[in-house]
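Q: Kindly generate the corresponding structure for this input.
(one chain, ligands or ions: 1)
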Amino acid sequence: MASSEDDGAVDEKETNNRRRNRGAIATAWLTFYNIAMTAGWLVLAITMMRFYLQKGTHRGLYRSIAKTLKFFQTAALVEVGHCAIGIVRTSVIVTGVQVCSRIFMVWFIASSIRQVQSEESVILFLVVWTVTEISRYSYYTFNLLHQVPYFIKWARYNLFIVLYPLGVVGELLTIYAALPIVRRTAMYSLRLPNKYNVSFDYYYFLIIAMLSYIPLFPQLFFHMLRQRRKVLHGEVIVEKDD
Ligand SMILES: CCCCCCCCCCCCC/C=C/C(=O)SCCNC(=O)CCNC(=O)[C@H](O)C(C)(C)COP(=O)(O)OP(=O)(O)OC[C@H]1O[C@@H](n2cnc3c(N)ncnc32)[C@H](O)[C@@H]1OP(=O)(O)O
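A: Next up, the predicted model:
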């Protein structure tokens, strides 16, 4: 049986091989990307804090950050590409579900339905996303530079235990608040008869989207728990390929 020292050496060798295989251009790109994304989410954090301190209310806050939020959240799509071309060792499916659900919240709920923008639940998921992304992208940046301050590693692999469920609560409450408006306005819906002979009801789509959190969220959460055990406790985890 191999000793834990042997396991550690094998693990370190494998990580070094992976980093060498990635190549200098990919590493430079990832470093640039992660620094830009950290900066973007820091700008969002500062803008939100300044807005709240100046106005003393969260009303109007979403509108003040909408453009920046749309830009940086949509830019996260690039991460699905990183997984697909293999420059980061993460599942395309896990990353895709995470990124697409956020983009959906930003473009098709919060930005499309003005009436929900002043809901407290919007502020809840915005704050949660912002804290998560600042710690996540700064962790990736330092990791690429092989110098991760412990508090950043700690934040990356502990805060999600509280933030992930809070983010889900914020998102679900926001979709729930959108339901009556969607039903009343029939937005993004297609009724029969029409020349395509297809019908689509955004209201029921949203209900299905809310229900899909039940099977999908635990998978993302347990994936993160496995990552946590690997990074903080050095456990070797064998994951199935996509
Ligand atoms: C069409 C609409 C349908 C709607 C239906 C939706 C249903 C959806 C249900 C789910 C809803 C979720 C809602 C989410 C809400 C929130 O986000 S709340 C806020 C809290 N959130 C989090 O904490 C997010 C946690 N999630 C993530 O971090 C990621 O999304 C992830 C994909 C799950 C991360 O996993 P993974 O990348 O596998 O783990 P890591 O440990 O971070 O990284 C693994 C290795 O990959 C390297 N790496 C990854 N990305 C980069 C990068 N950009 N740059 C450099 N390196 C990167 C990382 O360093 C690791 O490498 P090694 O150290 O070599 O192992």
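Q: Show me which residues of the protein are close to the ligand?
A: Counting by Cβ under 6 Å from any ligand atom, the residues of the chain close to the ligand are 15, 18, 30, 34, 79, 82, 88-90, 94-95, 97-98, 100-101, 104, 128-129, 132, 136, 140, 143-144, 160, 163-164, 167-168, 171, 209, 212-213, 216-217, 220, 223-224, 227. Heads up, the C-betas are built off the backbone N, CA and C, glycines and all.
Q: In the host helix or strand of Phe32, which residues are buried?
A: Assessed by DSSP states H and E, Phe32 sits inside helix 24-55. Of the residues in helix 24-55, 26, 30, 33-34, 37-38, 40-41, 44-45, 47-48, 51 count as buried by neighbour count, 16 or more other Cβ atoms under 10 Å.
Q: next one: stretch 161-170
A: For stretch 161-170, by 16+ other Cβ under 10 Å, it's 163-164, 166-168, 170.
Q: Secondary structure and pLDDT added to those residues, as CSV?
A: Converted to CSV, the buried residues of stretch 161-170 look like this (DSSP: H, G, I helix; E, B strand; the rest coil; pLDDT from 0 to 100):
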residue, secondary structure, pLDDT
Leu163, helix, 98
Tyr164, helix, 97
Leu166, helix, 98
Gly167, helix, 98
Val168, helix, 98
Gly170, helix, 98
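Q: and of these, the nearest to Leu179?
A: Closest approach to Leu179 among the buried residues of stretch 161-170 (Cβ to Cβ): Gly170, at 15.6 Å.
Q: now that closest one: how far from Phe125?
A: Counting by Cβ to Cβ, to the nearest Å, the gap from Gly170 to Phe125 is 3 Å.
Q: on that earlier part again, which two from the buried residues of stretch 161-170 end up farthest apart in space?
A: For the buried residues of stretch 161-170, the farthest-apart pair by Cβ to Cβ is Tyr164 and Gly170; their separation is 10.9 Å.
Q: Pull out the buried residues from the residues of the chain next to the ligand.
A: Buried members of the residues of the chain next to the ligand, scored by 16+ other Cβ under 10 Å, are 30, 34, 79, 82, 88, 90, 94-95, 97-98, 101, 128-129, 132, 136, 140, 143-144, 160, 163-164, 167-168, 171, 209, 217, 220, 223-224, 227.
Q: In a strand, Lys70, correct?
A: No. Counting by DSSP: H, G, I helix; E, B strand; the rest coil, Lys70 is not part of a strand but helix.
Q: my guess is it meets Ser111, correct?
A: Yes. Using Cβ atoms under 8 Å, Lys70 makes contact with Ser111 at a distance of 6.4 Å.
Q: What about the closest residue to Pro165 other than its chain neighbours, how many residues nearby?
A: Leaving out its chain neighbours, the residue that sits closest to Pro165 by Cβ to Cβ, 6 or more residues apart in numbering is Phe221, at 7.8 Å. The local packing of Phe221 (other Cβ atoms under 10 Å) involves 15 other residues.
Q: dump the residue contacts of whatever residue of the chain ends up closest to the ligand.
A: Here the residue of the chain nearest the ligand is Gly167; by Cβ to the nearest ligand atom that distance is 2.1 Å. By Cβ atoms under 8 Å, 6 or more residues apart in numbering, the contact list for Gly167 reads 124-125, 128-129, 132.
Q: got the buried residues for stretch 130-148?
A: Neighbour-count burial for stretch 130-148 [16+ other Cβ under 10 Å]: 130-144, 148.
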